[in-house]
Every structure is written in structure tokens, then in C-alpha cells.
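Engineer: Predicted model and sequence follow; I will ask about them next.
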Amino acid sequence: MQRDIDCADFRQFIDPYLDGEFDETERTAFDRHLTVCGDCRRHFEQQAWMQGALRPALKRPSRMPPAARDRLCTRLRAAERPARIRRAARRVAAPLSTLAAMGAVLLMVTPLTGFKPTVMAEAVDQHVRPLPVEMPSPIDQEVERWFEGKVPFDMTAPRFDDERVVLLGGRLSQVQRPGEESRQAAYLVYGVGRHKLTVLVFDGTGLEIDAPMTKVDGKSVYLHDDRGVRVALFQRGPLAYAFTSDLPQQRMLELIGKTH
Ligand SMILES: [Zn+2]
């Protein structure tokens, strides 16, 4: 008998699904839900991605079912294409309506400061795509050292006073300024329980953002919501940190309050 599952089922049983503990019938029901439900697909990709990112870091053997592994491999291969092709693909894929809505409603950056009004959109883009880390490591200093000479600033990873936040690793990324080549940025990935938290770190000199703002521990934190995830951006010294996650906003701000 075929049984359809709903979003709650899907999310409740996503771990056993990824771990290959389901029989054929159950897996078919899950696969069917994945094809029809965009929200769960995004959720699944994040979970699959986290397992994929965690595995090299923790050297755990793979127990994913072949179908799920194939899907993940396809995504990883796509993510490993040369950056130029990836960027071109993203330009094509970026929905104009999203950019227009962002510009109009949430985020305005004055042209003089040199940042396109897409810094927060880029943080979201990079967060929702299942990019593998290039430097898998749970150790801040190790990841910071890996970025030396790769980014044009002293990359300092945020330190969290919260043991549920686990660093998974980092990869080289970029942010764009109009009329210039994109600039190198550091992209850090953390696990917070079952959620993915990504932090985009870049030189924020001159960055001005006209977006909803709140104060956390004296820091100005700019907020942005897009595609089911939240961005909270703040600066420390010359560096800008864009935290992006599907965590509730309150939890995001709490985490930012616990960084030093
Ligand atoms: Zn669903």
C-alpha cells in the first residue's frame, strides 16, 4: 500500500531517511514528497549538505541510501564547477522579482559606499546552495590560518560562547562591488543542533546598509528575510559578518550576543 506523507512526517523522519534506515516503500513516499514540496526539498538539501560537510570533518562512514547519495553527489559536482560558470549560472538563475523586492523593501545601500544592494542576497544565495567546505575543520585557528593569503584581510572567525555551535569548516567566497571584480570573502559553516548557520566575512569598510536594524550588546545588527532564511549582519572593526540561517530571529540575535 502506498502512503503519502506530509511535511511534518518528512521532517520528523529525515534523519533515518538520510541514514538509509527506510525500506523501499517508505523511501518512495519520501522521494515523492521531495519532488512536490519545495520547502521540504530545501530542508532536505540543508540536512543532506550538513551530513556531507560533516562526514569529511568527522571521518564518519557513509550510510546514506544510494538514491540520496546520488542526489547529493550531483549537487556537489554542480557546486564544484569552475567559479566563473557558477557565477554565470547564478546570474541567470537569480529571480528578478526577488532582487526588485529586496531593493524596494528591505535593503538599500548608497552607491557611494560601493556595495551593490545584493550583499544580503548573496549571503542568502550562498547559504541555500549546498556548497561543500574546502577546509573542513572544527578548529577556529586552523580555518583562520587556511584563509591567510587567500582573502585581503585578517580573517577572524567569530568565537561563540555556546557549545551547541560547532564549526564545520570554511571555503573561499566573494562579494561584489559595482564596477569592480568581486572581492574575496571568507565563508564559514557551522552546525547549530540540526540547523546550518553560515557566516560570510568580508571587508566592510564603508559599508552602509539601510535595512531594519536592532541593537545586540551595543552592536548594530541589520536584518533581512529571504527564501525562508534570515540574515543578521553586523560589523566588528573593519570586518562585516553576515550570519545566515533558518533559525528563528531571536535565536540568531542570541548567538550574535554570544560572540566575541
Ligand atoms: Zn513538505
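Structural biologist: Nice, I can see it.

Engineer: in a strand, that's where Thr198 is, yeah?
Structural biologist: Yes. Assessed by DSSP: H, G, I helix; E, B strand; the rest coil, Thr198 belongs to a strand.

Engineer: Could you report the pLDDT at it?
Structural biologist: You'll see Thr198 listed with a pLDDT of 94.

Engineer: what's it in contact with, if anything?
Structural biologist: Ala123, Gln126, His127, Tyr187, Leu188, Val189, Tyr190, Phe243, Thr244, Ser245 (C-beta atoms under 8 Å, 6 or more residues apart in numbering). For the C-beta atoms, the positions are set from N, CA and C on the backbone; glycine is no exception.

Engineer: Which one of these sits in the busiest neighbourhood?
Structural biologist: Within the contacts of Thr198, most neighbours by other C-beta atoms under 10 Å means Ala123, with 30 neighbours.

Engineer: Confirm for me that it is in contact with Arg230.
Structural biologist: No. Applying C-beta atoms under 8 Å, one finds Ala123 not in contact with Arg230, separated by 10.0 Å.

Engineer: what touches both of these two?
Structural biologist: Common neighbours of Ala123 and Arg230 (C-beta under 8 Å, 6+ apart) are His224, Thr244.

Engineer: residues from the stretch 1-150 of the chain in reach of the ion?
Structural biologist: Cys7, Cys37, Cys40 (C-beta under 5 Å from the ion).

Engineer: Let me have these in TSV, extended by neighbour count and pLDDT.
Structural biologist: Listed next are these as TSV, based on neighbours: other C-beta atoms under 10 Å; pLDDT from 0 to 100:
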residue	neighbour count	pLDDT
Cys7	12	87
Cys37	16	83
Cys40	20	83
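
Engineer: out of those, who's nearest Gly204?
Structural biologist: Nearest to Gly204 among those: Cys40, at 34.9 Å, using C-beta to C-beta.

Engineer: quick one, what contacts the closest one?
Structural biologist: Here Cys40 is in contact with Cys7, Phe10, Arg11, His33, Leu34 (criterion: C-beta under 8 Å, 6+ apart).

Engineer: Over to Ala242?
Structural biologist: Val119, Met120, Ala123, Val199, Leu200, Val201, Val231, Ala232, Leu233.
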